[in-house]
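>>> The following comprises the amino acid sequence and a computationally predicted model.
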Amino acid sequence: MPDSQPPQHQDRQPGVETEMNPAPQYMPFYPGSGRLKDKSVIITGGDSGIGRAVAVLFAREGANIAIVYRDEHDDAEETGKLVEREGGNAILVAGDVGDPGFCKDAADRTEKAFGNVDILVNNAAEQYVREDIANVPPEDMERVFRTNAFGYFFMIQAVIDRLPAGGRIINTASIVAYRGHPELLDYAMTKGAIVALTRSLANRLADRPILVNAVAPGPIWTPLIPASFPADTVAKFGGSTPLGRPGQPNEVAPAYLLLASEDGRYITGQAIHVNGGELTSS
């Protein structure tokens, strides 16, 4: 496993996995055991990074996957092939989760393809380094909130009446919701909102029961990193953790599997921290 990465930068959000060096690691560590057999899962941001690793792991455990993504078609097609290689069925749904109409369409297409919706993984995100916060245009800040926070809420609205008893909603939060980040202020704000949404919705849906949890990754090697930071920062990414390296997507995905499977049936309203030993105040 590489402990560092060469300097690199991508000029568009949320980044493209095929352009990363080294490639992120997404393959599961163990054979599947049928823990998600015949479950139907929607994963936003499912084309690459953590979303791809979760899609492949869930497929190995027997799930069918709706891969929701913006416009990174090559990455999404590769993830779809990986899901099918694991024995799962995959559909690709391209569009903007900041549009509630698109979110409803994604849920409709998933239900039509697989017959039901059992699990929602809200994972799509974008982030931008803000060097001068006094001059951040309102529309730029709104864009981050529409993807990272409104998009989660819109997808929840789209599936809430489709999820069965025992259904799951898993939101991708972040270590920055707990520790902050001096250059990612609006991104950190959205991740804090996701933690609050997770805890509130878990209480609201407990009587159905639908379980709502979050995963709060630390520095994980995904396309969002070279798409967000200067090349010299990327080269040092993750080096300050106690483990001395960034995490890989397949090191985060098992936390989602715990929360999606029967192993996590007594967990709700929580955030699992996968961050290489970084301390938080949670």
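Nice, I can see it. Residues are numbered from 1 along each chain as shown.
>>> CA only for contacts and neighbour counts going forward, please
OK.
>>> any idea how far Asn250 lies from Leu211?
23 Å (CA to CA, to the nearest Å).
>>> ok, the two, which is more surrounded?
Per other CA atoms under 10 Å, whichever of Asn250 and Leu211 has more neighbours is Leu211, with 29 against 23.
>>> Who does the more buried one form a beta bridge with?
Arg168 (DSSP bridges).
>>> how close does it get to Ala235?
Plainly put, Leu211 is 38 Å away from Ala235 if you go by CA to CA.
>>> just Gly46 next, same as before
Relative to Ala235, Gly46 is positioned 25 Å away (CA to CA).
>>> cool, Leu257 as well?
30 Å.
>>> tell me the contacts of Val121?
41-44, 169-172 (CA atoms under 8 Å, 6 or more residues apart in numbering).
>>> let's go with 7 Å and repeat that
Val121 sits next to 42-44, 169-171 when contact means CA atoms under 7 Å, 6 or more residues apart in numbering.
>>> One more: Asp232?
Pro7.
>>> Just the buried positions in the helix or strand containing it, please.
If you go by DSSP states H and E, Asp232 is part of helix 231-235. Within helix 231-235, the residues that count as buried by 16 or more other CA atoms under 10 Å are 231, 233-235.
>>> what would these look like in JSON lines with distance to Glu131?
Output for those, formatted as JSON lines (distance: CA to CA, whole Å):
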{"residue": "Ala231", "distance to Glu131": "16"}
{"residue": "Thr233", "distance to Glu131": "14"}
{"residue": "Val234", "distance to Glu131": "16"}
{"residue": "Ala235", "distance to Glu131": "19"}
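>>> out of those residues, who's nearest Ala158?
Each of the buried residues of helix 231-235 was checked against Ala158 using CA to CA; the closest is Val234, at 36.0 Å.
>>> Can you verify my assumption that that closest one contacts Pro226?
Yes - if you go by CA atoms under 7 Å, Val234 and Pro226 touch, sitting 6.1 Å apart.
>>> quick one: common contacting residues for those two?
Joint contacts of Val234 and Pro226 (CA under 7 Å, 6+ apart) are Gln8.
>>> Look up how far Gly115 lies from the most centrally placed residue in the chain.
Centroid-nearest residue in the chain: Asn123, 2.5 Å away (criterion: CA atoms, centre = their mean). Going from Asn123 to Gly115 by CA to CA gives 22 Å.
>>> and if you look at Glu131?
Taking CA to CA, one finds Glu131 at 47 Å from Gly115.
>>> The chain: helices as residue ranges?
Ranges of helices in the chain, per DSSP state H, are 49-60, 73-85, 100-114, 138-145, 151-159, 176-179, 185-205, 224-228, 231-235, 249-260.
>>> and those, which is most packed in?
helix 49-60 (a mean of 29; mean count of other CA atoms under 10 Å).
>>> who touches that one?
Outside helix 49-60, the residues that reach it (CA under 7 Å, 6+ apart) are 24, 26-28, 32, 36, 43, 45-46, 65, 79, 82-83, 86-88, 123, 222-223, 249-250, 253, 257.
>>> ditto for stretch 150-170
Residues contacting stretch 150-170 (CA under 7 Å, 6+ apart): 97-98, 100, 103-104, 107, 117-122, 208-214, 260.
>>> one more time with 8 Å
Here stretch 150-170 has contacts from 97-100, 103-104, 107, 116-122, 145, 171, 208-215, 256, 259-260, using CA under 8 Å, 6+ apart.
>>> now stretch 63-71
Applying CA under 8 Å, 6+ apart, the contact partners of stretch 63-71 are 36-47, 55, 58-59, 76, 80, 83, 88-97, 106, 110, 114, 124.
>>> where are the low-confidence patches of the stretch 151-282 of the chain?
Flagging of the stretch 151-282 of the chain using pLDDT under 70 yields the residue ranges 281-282.
>>> Please tabulate the helices of the chain in a markdown table, including the columns distance to Gln13.
Converted to a markdown table, the helices of the chain look like this (distance: least, CA to CA, whole Å):
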| stretch | distance to Gln13 |
| --- | --- |
| helix 49-60 | 13 |
| helix 73-85 | 13 |
| helix 100-114 | 19 |
| helix 138-145 | 11 |
| helix 151-159 | 16 |
| helix 176-179 | 19 |
| helix 185-205 | 13 |
| helix 224-228 | 6 |
| helix 231-235 | 15 |
| helix 249-260 | 18 |
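>>> Could you check how many residues crowd around Asn116?
Residues lying near Asn116 (other CA under 10 Å) number 20.
>>> All set, thanks.
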